[in-house]
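Trainee: I'll drop the sequence and a predicted model, then ask my questions.
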Amino acid sequence: MSAAVARLNSGRPQSNDAARLPAVAAPETSYVGNDACARCHEAISESYSHTSMAHASGLATDEPRTVDFVDPGSRVHYRIFSDAGQLWLSFERPGDSFVNGKRKLLYFVGSGRRGLTYLFAVDGFLFESPINWYGDKKLWDMAPAYQGTREIPLNLPAFTSCLYCHVSDLRPPLPGTENRYAMPFQGHGGVTCERCHGPGASHVKGGPIVNPAHLAADRRDAICMQCHLEGKIAVERPGLHLSNYKPGDDLSTYVRYFVLSDLATRDLGAVSQVEALAQSTCKQKSGDSMSCTSCHDPHSEPSAENKVAYYRKKCLSCHGASFAEKHHPNQADCAGCHMPASRSTDVAHTQVTDHRILRRHLGVDGVLQSAGDPELVPFPRSEQVDLRDRALAWQMLAQKGDAEARGKAERLLRQAVMNNPDDPAVLAELGYVEQQHGRADSARALYQRAITRDPDTLDVAIDLAVLEASSGHLGAAVKLWQSVFARAPYRSNVGLNLAEAFCKSGQYDSARSYLLRVLEFDPDSAHAKLSLQRLNQVPPACGP
């Protein structure tokens, strides 16, 4: 459980026509879309329309990719196919009546160059497809982290933290939920002009708009950082989310990033370009005069046949033609040697260009090795970080499995709660520490304070419910689980806990209804299927 950072009406999935945003009069701070920009910036709009960012998301029917795929781990046969103008995902495991159905695919996320996945909805909740297209390897496989799974993952929530960098004008989930959106969840597909220039409603009427080139260096760089900086830990500021950021803002107002002090030797993630570039001699010697746009034109991409020459010219703009005449004159591909592609450590089948621009590439089999005893440091290094953020960052590192971080996280959290007695994230994390230590009364008090200040939180309610159940307060636990399950019915463990509680109290129909609700979102849950089988026996039995 982590409350430190967000990693996003009932009814069945709407049609793709219903998913289109209706044309309405927009306030001055609203997004207007690329078509409005093209009226005055036709050439730029045309070149940008061919970039990967411009095609980072959209309606599923605009990017139909069909496939027949059998996952060897789960033995499930997946198909993506078109029918009656719609795109569908079907799934079937021979002999298993539960794993046999289909979902209407509403949106796609990812341009396909590196990868692509589809999104579908069940009862208004938005999910990622269990199978993805991996562009580097040109193959279909299970979603990241689910290779080799034996159960079909149909309940992968489409969180705002995953969608944010692929869409424009992202709408927040409905209050109290993580992935239930008032459709459409995005105002415009893809990364539009306004993701870098800010909402354009005022500008199309003659008002000003953000030009990144005219911003101070930190505000300019933040526009790229919002999506191309992964960091090791990201801590959102109290009451704010990364999705609140607008170009020209101070990014640290919304989120604080931390990296490990040995990051020069650490593995490369799929979106670690900014922190990698900061390590390069090029950036360190150039300072603020160098930015992402020194090498990348945000309005266009070089063609495959011109790519080597394009980036070589960028290198020589600083290093000069005379250097090129002496330094491997027969090797035109500067990036091939100094910015090679290595395996991403966080997305399967994916490679990431090494933006550290090393003189000599390090590592084994393309994966860099990490050193020991790192420290969490703010990124950018000059960033001033308060006690609250440091405490939450170390706690998140501890929850990632770093045993050495636990002691420091606990010390910082105890200090932070004195300075931030009303901060629900700090209260929740210290409550979790207390729960791990077996201090039930202290943990309960901290959780209850956290929920009072943030009633929409789900994870804290789940942790408090577990604490209440283990303390013999089953009635209180059931109320908490019911509240969570109503807002997140795809959280199978919560539904299973409810089914077990009602079964043991002899309320078999209620227990059965919870199991069926679990299977609606998670049809391959072995626990739910076995529990339902036992519950349908005569006499009924509880548990798997």
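Mentor: Yep, it's here.
Trainee: buried set for stretch 76-95?
Mentor: Val76, His77, Tyr78, Arg79, Ile80, Gln86, Leu87, Trp88, Leu89, Phe91, Glu92, Arg93 (16 or more other Cβ atoms under 10 Å). Heads up, the C-betas are built off the backbone N, CA and C, glycines and all.
Trainee: dump the residue contacts of the fifth one.
Mentor: Read that as Ile80. Arg65, Thr66, Val67, Leu87, Trp88, Leu89, Leu105, Tyr118, Ile131 (Cβ atoms under 8 Å, 6 or more residues apart in numbering).
Trainee: Could you pull out the buried residues of the helix or strand hosting Thr452?
Mentor: Secondary structure from DSSP states H and E places Thr452 in helix 440-453. Within helix 440-453, the residues scored as buried using 16+ other Cβ under 10 Å are Ala443, Arg444, Leu446, Tyr447, Arg449, Ala450, Ile451, Arg453.
Trainee: what residues does that helix touch?
Mentor: For helix 440-453, the surrounding residues in contact (Cβ under 8 Å, 6+ apart) are 3, 417, 422-425, 427-428, 430-432, 434-435, 457, 460-461, 463-464, 467-468, 470-471.
Trainee: so which of the buried residues of helix 440-453 comes closest to Pro340?
Mentor: Taking Cβ to Cβ as the measure, Pro340 lies nearest Ala450 of the buried residues of helix 440-453, at 45.8 Å.
Trainee: gap between that closest one and Asp422?
Mentor: Distance of Ala450 to Asp422, computed by Cβ to Cβ, to the nearest Å: 10 Å.
Trainee: With Leu519 instead?
Mentor: 40 Å.
Trainee: before we move on, what about Gln448?
Mentor: Note on Gln448: its distance to Asp422, by Cβ to Cβ, is 13 Å.
Trainee: again, but for Leu515
Mentor: According to Cβ to Cβ, Leu515 and Asp422 sit 39 Å apart.
Trainee: quick one: which of the two has more around it?
Mentor: For Leu515 versus Asp422, neighbours defined as other Cβ atoms under 10 Å are more numerous around Leu515 (28 against 12).
Trainee: I'd like to know which elements whichever strand or helix holds that one is packed against.
Mentor: Assessed by DSSP H and E, Leu515 sits inside helix 508-521. Where contact means 3 or more Cβ pairs under 8 Å, 6 or more residues apart in numbering; DSSP states H and E, helix 508-521 is packed against helix 492-504, helix 526-535.
Trainee: wait, what's in contact with Ala528?
Mentor: Counting by Cβ under 8 Å, 6+ apart, Ala528 touches Ser492, Gly495, Leu496, Ala499, Leu515, Val518, Leu519, Asp522.
Trainee: Mind doing that once more with 6 Å?
Mentor: Ala528 makes contact with Leu515, Val518, Leu519, according to Cβ atoms under 6 Å, 6 or more residues apart in numbering.
Trainee: And the helices in the stretch 51-200 of the chain, which stretches?
Mentor: Assigned helices in the stretch 51-200 of the chain, in chain order: 160-163, 194-197 (criterion: DSSP state H, counting those that start in this stretch).
Trainee: Out of those helices, which gets nearest to Gln399?
Mentor: Here helix 160-163 is closest among the helices of the stretch 51-200 of the chain (Cβ to Cβ), at 15.9 Å.
Trainee: Name the residues of that closest one that are buried.
Mentor: Neighbour counts over helix 160-163 (16+ other Cβ under 10 Å) mark Thr160, Ser161, Cys162, Leu163 as buried.
Trainee: next one: stretch 36-51
Mentor: Ala36, Cys37, Ala38, Ser45, Tyr48, Thr51.
Trainee: Same check on stretch 136-154?
Mentor: Quick answer for stretch 136-154 (16+ other Cβ under 10 Å): Asp136, Trp140, Asp141, Met142, Ala143, Pro144, Tyr146, Thr149, Glu151, Ile152, Pro153, Leu154.
Trainee: swap in stretch 400-418?
Mentor: Asp402, Ala405, Arg406, Lys408, Ala409, Glu410, Leu412, Leu413, Ala416, Val417.
Trainee: quick one, longest strand in this structure?
Mentor: Using DSSP state E, we find that the single longest strand of the chain is strand 100-109.
Trainee: Starting from that strand, tell me which strands it pairs with and how they run.
Mentor: Strand 100-109 pairs in its sheet with strand 57-59 (antiparallel), strand 86-92 (antiparallel), strand 115-122 (antiparallel), by DSSP bridges.
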